[in-house]
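**Q** Quick one, what's the 3D model for this:
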Amino acid sequence: MSASIAIQVLPQVETDSEVCRIVDDVIAYIKDTGYTYQVAAFETTIEGDNYDELMEIAKECLKVAIKSGAPKVSAYIKAVYCPDGDILTIEQKTGKYR
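**A** So this is what the prediction gives:
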């Protein structure tokens, strides 16, 4: 595994239920990419071997939120990239807590 991103999508809408609905749409999109991912309380982590594709997924997450009805969306994105080696996987980082 050479890359990992974590994304927190923050749709700016009126109600908590709308936030949850839109974030659910974003998570469904992430699931459909086929990449390994893990949903947590504040962000979703996605990992893979193609850094550029992961960054495209992050970009598309904001578009999905807009298409789902958010007039404005913010995101916090963290990335780890090691083209010539391995990074810690989701399982290595969090598996012992499950």
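
**Q** what are the ranges of the helices in this structure?
**A** Applying DSSP state H to the chain gives helices spanning 16-32, 51-67, 90-94.

**Q** any chance of those in JSON lines, with mean pLDDT and mean neighbour count too?
**A** Every residue, glycine included, has its C-beta placed from N, CA and C. Output for those, formatted as JSON lines (pLDDT from 0 to 100; neighbours: other Cβ atoms under 10 Å):
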{"stretch": "helix 16-32", "mean pLDDT": "98", "mean neighbour count": "15"}
{"stretch": "helix 51-67", "mean pLDDT": "98", "mean neighbour count": "17"}
{"stretch": "helix 90-94", "mean pLDDT": "94", "mean neighbour count": "14"}
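
**Q** Quick one: closest of those helices to residue 42.
**A** Closest to residue 42 of these, according to Cβ to Cβ: helix 16-32, at 10.8 Å.

**Q** follow-up on the earlier one: can you say which of the helices of the chain is nearest to residue 82?
**A** When the helices of the chain are compared by Cβ to Cβ, helix 51-67 sits nearest residue 82, at 9.2 Å.

**Q** what's that closest one in contact with?
**A** Residues outside helix 51-67 that contact it (Cβ atoms under 8 Å, 6 or more residues apart in numbering): 2-5, 7, 9, 11, 22-23, 25-26, 29-30, 33, 35, 46-48, 73, 75, 77, 79, 81, 83.

**Q** re the thing from before, Throw the helices of the chain into JSON lines and include distance to residue 41, thanks.
**A** Below are the helices of the chain laid out as JSON lines (distance: least, Cβ to Cβ, whole Å):
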{"stretch": "helix 16-32", "distance to residue 41": "11"}
{"stretch": "helix 51-67", "distance to residue 41": "17"}
{"stretch": "helix 90-94", "distance to residue 41": "12"}
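
**Q** out of those, nearest to residue 39?
**A** Closest approach to residue 39 among the helices of the chain (Cβ to Cβ): helix 16-32, 5.9 Å.

**Q** any idea of the angle that closest one forms with helix 51-67?
**A** Counting by axes from the mean of the first three to the mean of the last three Cα atoms, to 10 degrees, helix 16-32 lies at 150 degrees to helix 51-67.
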